[in-house]
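Student: A structural model of the following input is requested.
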Amino acid sequence: MKRGRGALIATLGLAAATVGVAAVAPEWILSAEFARQRLRAGAQRYAIELAGHRWSYLDAGRVKPARASGRGRSALLLPELPKPVIVFVHGFTGAKENWLPLMGALAANYRVIAPDLPGWGDSERLAQTDYGATAQVERLALFLRTLPTIVGHEGPPALLIGHSMGGQIVGLLAARYPELVDKLVLMSASGVRFEENAFALGVLAGENPFGVASRADLHRYLNIVFAKPPFVPWPFDEALVHRRREDAAFEQAVLDDIGRGPDAFALQAELAAIRSPALLLWGRNDGVIDPSAATIFQDGLNDSRTILLNACGHMPMMERTAETAAALKDFLR
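Tutor: Numbers count the residues shown, from 1 in each chain. Below is the predicted model of the structure:
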């Protein structure tokens with residue numbers, strides 16, 4: 001067999017295998033892509049049992065083993081000093097993998113931890129269980145109390161970051177459990193009454209504007225959350241559609257709580273109880289949580305500063321990774 005013909009047959013065989021996997025087991029496609037992203041960010045995936053759930057979380061920037069200093073027999077083994085810890089909390093329809101670009105940018109200087117909240121991503125979801133904001137606050141508080149056993153030293157994380165729904169959850173946690181929060185970042189955070197945009201009006205009308213049941217829906221969703229949507233080729237878009245379609249009822253139930261329930265704007269009433277310094281980080285083109293929300297947060301918080309990123313939508317950690325990393329480092333300093 002000629003070499004060129006053999007390569008062509010091998011390529012066609014690989015393509016056929018990919019089609020088969022995408023059709024039969026689309027989760028395998030996502031798992032392989034997430035593994036590639038973890039490798040690039042230097043992150044490892046771990047699991048822990050807490051609050052009646054199995055949590056999955058990413059961990060990057062781990063302290064390296066003791067290194068030798070000096071020569072010969074006089075060499076000393078010097079342990080690396082603990083790094084400041086940053087904990088990331090994802091938003092509605094999000095997952096720990098949303099943070100991988102930012103984790104890769106920060107891991108050299110920080111220990112970075114990103115869990116999937118119970119019910120989401122690879123963490124356990126139980127039937128007939130409340131996954132609204134208040135319930136997740138209690139679970140996240142337990143995760144933060146357990147954090148010293150993960151990172152190897154006591155104290156709250158140097159920075160607790162919540163995005164969108166995750167911002168609503170960490171904001172409530174900071175108000176109710178101030179001992180667990182040193183500094184706080186609210187990134188495109190929900191939980192306050194901002195200027196109503198098309199997304200907000202859809203939520204208040206009982207819809208799920210993030211709902212995805214087809215590839216066309218997925219690309220519409222990407223146009224909502226990004227100022228400049230990334231290209232997601234087949235079969236990855238098909239795999240994402242499969243996951244979102246399976247989560248449709250769960251998403252609707254959570255949105256009923258965080259967007260329309262009695263606690264939807266509880267955070268706004270509790271802002272004055274937050275004593276931690278806060279960074280408010282928004283994209284100027286956020287079509288989900290309008291940037292007017294940052295003004296409401298700033299008016300209610302005791303100590304805050306605001307950064308608006310140009311040409312950026314609802315996902316600063318993915319769309320403006322370098323600028324977001326620089327803002328976080330500056331806030332920590």
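
Student: rest of the way, CA atoms for contacts and neighbours
Tutor: OK.

Student: where along the stretch 101-250 of the chain do the strands fall?
Tutor: Applying DSSP state E, counting those that start in this stretch to the stretch 101-250 of the chain gives strands spanning 111-115, 159-163, 184-187.

Student: of all those, which lies closest to Arg320?
Tutor: strand 184-187 (12.4 Å; CA to CA).

Student: can you list the helices and strands that that closest one packs against?
Tutor: Strand 184-187 is packed against strand 159-163, helix 165-176, strand 278-283, with contacts defined by 3 or more CA pairs under 8 Å, 6 or more residues apart in numbering; DSSP states H and E.

Student: so where do the helices sit in the stretch 151-300 of the chain?
Tutor: In the stretch 151-300 of the chain, the segments counted as helices under DSSP state H, counting those that start in this stretch are 165-176, 198-204, 215-225, 236-246, 248-258, 266-270, 292-300.

Student: what's in contact with the first one?
Tutor: Residues outside helix 165-176 that contact it (CA atoms under 8 Å, 6 or more residues apart in numbering): 89-92, 133-134, 136-138, 141, 160-162, 180-181, 184-191, 258, 266-267, 270-276.

Student: mark which of those are buried, thanks.
Tutor: 89-92, 133-134, 136-138, 141, 160-162, 180-181, 184-191, 258, 266-267, 270-271, 273-276 (16 or more other CA atoms under 10 Å).

Student: for the residue nearest the centre of the chain, report the pLDDT, please.
Tutor: Nearest to the geometric centre of the chain sits His90, at 2.8 Å (CA atoms, centre = their mean). pLDDT for His90: 98.

Student: over to the one 4 residues further on?
Tutor: In the predicted model, Gly94 carries a pLDDT score of 97.

Student: which stretches of the stretch 201-333 of the chain have low pLDDT?
Tutor: Within the stretch 201-333 of the chain, not a single segment meets pLDDT under 70.

Student: for Trp28, which of the helices of the stretch 151-300 of the chain is the nearest?
Tutor: So among the helices of the stretch 151-300 of the chain, helix 236-246 is nearest, using CA to CA, at 8.4 Å.

Student: which one is Arg145 nearest to, not counting chain neighbours?
Tutor: Spatial nearest neighbour of Arg145, chain neighbours left out: Leu180 (7.4 Å); criterion: CA to CA, 6 or more residues apart in numbering.

Student: check the helices of the stretch 151-300 of the chain for me and report the most buried one.
Tutor: Of these, the one with the most neighbours on average (mean count of other CA atoms under 10 Å) is helix 165-176, at a mean of 26.

Student: rounded mean pLDDT for it, please.
Tutor: On average, helix 165-176 scores 98.

Student: what does stretch 42-60 give?
Tutor: 98.

Student: buried sites along that stretch?
Tutor: Residues of stretch 42-60 classed as buried by neighbour count (16+ other CA under 10 Å): Gly42, Ala43, His53, Arg54, Trp55, Ser56, Tyr57, Leu58, Asp59, Ala60.

Student: those in helices, which ones?
Tutor: Judged by DSSP state H, helices contain none of those.

Student: okay if I get those as JSON lines plus distance to Ala322?
Tutor: Converted to JSON lines, the buried residues of stretch 42-60 look like this (distance: CA to CA, whole Å):
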{"residue": "Gly42", "distance to Ala322": "17"}
{"residue": "Ala43", "distance to Ala322": "18"}
{"residue": "His53", "distance to Ala322": "34"}
{"residue": "Arg54", "distance to Ala322": "32"}
{"residue": "Trp55", "distance to Ala322": "28"}
{"residue": "Ser56", "distance to Ala322": "26"}
{"residue": "Tyr57", "distance to Ala322": "23"}
{"residue": "Leu58", "distance to Ala322": "20"}
{"residue": "Asp59", "distance to Ala322": "20"}
{"residue": "Ala60", "distance to Ala322": "17"}
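
Student: looking at the residues you listed, which two lie furthest apart in space?
Tutor: Among those, Gly42 and His53 lie farthest apart (CA to CA), at 25.9 Å.

Student: Leu102: which of the helices of the stretch 151-300 of the chain is closest?
Tutor: Ranking those by proximity to Leu102 (CA to CA) places helix 165-176 first, at 16.0 Å.

Student: extract the CA atoms of that closest one and return them as CSV.
Tutor: Extracted in CSV, the C-alpha atoms of helix 165-176 (Å, rounded to 0.1, in the frame of the first residue of the first chain):
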residue,chain,number,x,y,z
MET,A,165,-24.5,32.9,40.2
GLY,A,166,-21.2,32.1,42.0
GLY,A,167,-20.9,35.8,42.8
GLN,A,168,-24.4,35.8,44.4
ILE,A,169,-23.4,32.7,46.5
VAL,A,170,-20.0,34.0,47.7
GLY,A,171,-21.5,37.4,48.4
LEU,A,172,-24.1,35.9,50.7
LEU,A,173,-21.4,33.7,52.3
ALA,A,174,-19.2,36.8,53.0
ALA,A,175,-22.1,38.5,54.7
ARG,A,176,-23.1,35.5,56.8
